[in-house]
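K.L.:
Predicted coordinates and the sequence they were generated for:
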Amino acid sequence: AVGGGRLIRDACMAVVATAGWAAALAYPAASLLALANGANDICNSVGTAVGAGALTMRQALVLGCIAEAIGAVTIGPFVAQSIASGQIHVAAFAGSPRTFVLLMLSSLLGAGISTLLATLYGAPISATHGIVSGIVTVALLSGTHGALDLGGIGFTLLGWAASPLAGLAAGFAVSLLVHRLVLGTRSPAAAAAGVASAGWSATMHCDQTATASSISSRLAP
C-alpha cells in the first residue's frame, strides 16, 4: 500500500512538472465529470431494458460501461469541441490564457460535483446542461469583453427545446409502426421476425452504400 501511494505521488508530481498545474488539476476534474456523467447517463441507456427484464443489472452495467467508453473515445472530442468553442469565443482569452484555464476548470468541477450529487440523491439533471451553463456563467463572471458567443448559445438553447419534441415524434412513430406491423397482426412473433429481418437488411444496405461512397470519394483524383 505504501509503495502504491508513493507511485501515485510520483506520477502526480511528474504530471505537475511536465504539464503544469493546469493539467494536474484538469485530469481529476475531468475524471470526476466523466464518472458522474457516466453514472447518470447509463440509466437513460439501459433503464428501460432492465425494467422490462430484457437485461439483468450486471449485464446492463457491463454493456453500458462498454458503450459509454466507446462513445467517449470516438465522438467525445467532437462534443467537447462543440461545448468549449460553441458557447464562448476562445480568441477573446488569447491575452489571458490563465483566465481561460480557470474558466474551464471551474466549469468541470461545478458540473461534475452537481451531477454526482444529483445522481446520488436521485434528482433529475443533465451533465450537458451543467457544463454549458457553467461555461456561460464563468465567462460572464470573468468580465472578458466579447467572451460569449450569443449565436452559439442560441443554437444550443434551440436544440434543447427541439430535442424533446423530436424525441416525442420519433417515439410516437415507432410505437405506431410496432402496433400496426407487429402487435396488430395475427402472429406477432412471425411479424416481429419479419420486421427485424427487413430492418437489418436495410441497415446493412445503407452501411455498404455509405462505405462504398466514402471509398470512391477518397480514390477519386
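P.N.:
Noted; the coordinates are in hand.
K.L.:
What is the burial count for Gly76?
P.N.:
14 (other C-beta atoms under 10 Å). Where you see a C-beta, it was placed from the backbone N, CA and C, and this is true even at glycine.
K.L.:
got it, and Leu33?
P.N.:
Neighbours around Leu33, by other C-beta under 10 Å: 23.
K.L.:
So it, which state does it fall into?
P.N.:
When classified by DSSP: H, G, I helix; E, B strand; the rest coil, Leu33 comes out as helix.
K.L.:
residues touching it, list them.
P.N.:
By C-beta atoms under 8 Å, 6 or more residues apart in numbering, Leu33 lies in contact with 108, 111-112, 115, 127, 131.
K.L.:
per-residue confidence at it?
P.N.:
Per-residue confidence for Leu33 comes out at a pLDDT of 82.
K.L.:
I'd like to know how far the spatially closest residue to it that is not a sequence neighbour sits from Ala29.
P.N.:
Once flanking residues are discounted, Leu33 sits nearest to Gly112: 3.7 Å by C-beta to C-beta, 6 or more residues apart in numbering. Noted for Gly112: a distance of 6 Å to Ala29, by C-beta to C-beta, to the nearest Å.
K.L.:
Who has more neighbours out of those two?
P.N.:
Neighbours per residue (other C-beta under 10 Å) separate Gly112 from Ala29, with Gly112 holding more: 24 against 19.
K.L.:
Output the contacting helices and strands for the helix or strand harbouring that one.
P.N.:
Assigned by DSSP states H and E, Gly112 falls within helix 97-120. Packing partners of helix 97-120 (3 or more C-beta pairs under 8 Å, 6 or more residues apart in numbering; DSSP states H and E): helix 2-51, helix 127-142.
K.L.:
which residues sit against that helix?
P.N.:
22, 25-26, 29-30, 32-33, 35-37, 39-40, 84, 88, 90, 93, 123-125, 127, 130-131, 134-135, 138-139, 142, 144.
K.L.:
And the nearest residue to Ile125 once chain neighbours are set aside, how close does it get to Ala196?
P.N.:
Excluding its sequence neighbours, the residue lying closest to Ile125 (C-beta to C-beta, 6+ apart) is Ala118, at 3.8 Å. Distance, Ala118 to Ala196, by C-beta to C-beta: 37 Å.
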